[in-house]
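Novice: Here's my sequence, what's the structure:
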Amino acid sequence: MFEIIDRQIGQMWYAFTESLPSLFLAVILLVITGLIASFASNIADRIVGKTSLRPSLKNLIETLIKLVVWLTGLFIAAIMIFPDVTFGGMIAGLGIGAVAIGFAFQDIFENFLAGVLIMLREKMRIGDIIQCEGIDGKVEHITLRETHIRATSGELTVVPNSLLFKNPVEILTDVEQRCHTSTVGVSYDTDLDKAADVIRKAVELVDQVDTSKGIDVFVSEFNSSSVDFLVRWWAGSSPGDGHKSRDQVLRSIKRALDNAGIEIPFPYITHTFKNAVPLAKD
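Specialist: Model prediction:
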């Protein structure tokens, strides 16, 4: 029994020593593959850097070039180590293995494919401010597996690409301007036509507002203590631009209503009683 074990160990050692030259050449080949992949990526970066392609699409091209170079190098290295393995047999083996790996790493491949599709589509570019499933912020980086979103308060959220691909994404900065709204209340004894005219002229005085797209002032609701106007205007699409324009618009409206003698009422409550309330006499 010991002779059989000793013979098998000897055969294994002989096979290992015999394959050392092939292993050494394969390692050298992988090192060369890494250098070629880096060189090809730099060349691609220089070429696509001169084009008007989106940054996410440039990243995709560079990543795919690296992937092709590495797969080619790994194929050749595997054939060098295992000479009996043919290219066709390796492809067939990869096909069977890909099915098994696909089931085992379904989420990873789902995010990978979603990343490719996100990079290919025109919408949601790097620098856009988006909202999706309670996540909002600026898109800083898109990889083949995840997207980095920086919140306006500074936090970084790493989001799986499948979440952004399968759910509706609201892109706030898809255009340079968007419509902003606010509610302004006036007292019930106010002339509504006069109030609407005062509010509209006040909004027109704000520099951040694009008056060419129109300013809307609608009576929207009879509230408990006021008649409410819905005010709409167009300004910058980013959250910062929205906050700035809203601040200036409301300041201008408050100033104009005060100058016109129009009251912005406080909420008040009227109490009624089923029975008369006795009042104390002096």
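Novice: quick one, what contacts residue 145?
Specialist: Shown in contact with residue 145 (CB atoms under 8 Å, 6 or more residues apart in numbering): 108, 111-112, 115, 160-161. To be clear about C-beta, it is placed using only N, CA and C from the backbone, and glycine gets the same treatment.
Novice: Next: residue 229.
Specialist: So residue 229 contacts 183-186, 195-196, 199, 217-220 (CB under 8 Å, 6+ apart).
Novice: all strands of this structure, in order?
Specialist: For the chain, the strands defined by DSSP state E cover 129-132, 135-142, 146-150, 156-160, 170-171, 177-186, 216-222, 227-236.
Novice: what does the first one contact?
Specialist: The one in question is strand 129-132. Contacts with strand 129-132, where a contact means CB under 8 Å, 6+ apart, come from 124, 136-139, 149, 159, 163-164, 167-173, 237-239.
Novice: Can you give me the buried ones in that strand?
Specialist: 129-130, 132 (16 or more other CB atoms under 10 Å).
Novice: Rounded mean pLDDT for that strand, please.
Specialist: Here strand 129-132 scores 91 as its mean pLDDT.
Novice: Put the alpha carbons of it into CSV.
Specialist: Listed next in CSV are the C-alpha coordinates belonging to strand 129-132 (Å, rounded to 0.1, in the frame of the first residue of the first chain):
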residue,chain,number,x,y,z
ILE,A,129,-29.1,65.0,-9.4
ILE,A,130,-31.5,62.1,-9.1
GLN,A,131,-34.1,60.7,-6.7
CYS,A,132,-34.9,56.9,-6.6
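Novice: strand partners of that strand, parallel vs antiparallel please.
Specialist: Strand 129-132 has the following sheet partners, assigned by DSSP bridges: strand 135-142 (antiparallel), strand 170-171 (antiparallel).
Novice: Highest mean neighbour count out of the ones you listed?
Specialist: Mean neighbour count (mean count of other CB atoms under 10 Å) peaks for strand 135-142 among the strands paired with strand 129-132, with a mean of 19.
Novice: what residues are up against residue 211?
Specialist: Contacts of residue 211 (CB under 8 Å, 6+ apart): residue 204.
Novice: gap between it and residue 204?
Specialist: Note on residue 211: its distance to residue 204, by CB to CB, to the nearest Å, is 5 Å.
Novice: which residue sits closest to residue 223, ignoring its sequence neighbours?
Specialist: Ranked by CB to CB, 6 or more residues apart in numbering and with sequence neighbours excluded, the top spatial neighbour of residue 223 is residue 185, at 6.1 Å.
Novice: what's across from that neighbour in the sheet?
Specialist: residue 228.
Novice: residue contacts, it?
Specialist: So residue 185 contacts 223, 225-229, 264-265 (CB under 8 Å, 6+ apart).
Novice: on that earlier part again, got TSV for the contacts of residue 229, with distance to residue 36 and pLDDT too?
Specialist: Formatted as TSV, those follow (distance: CB to CB, whole Å; pLDDT from 0 to 100):
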residue	distance to residue 36	pLDDT
183	63	94
184	65	95
185	69	94
186	72	95
195	72	95
196	70	95
199	67	96
217	65	96
218	65	95
219	70	95
220	65	93
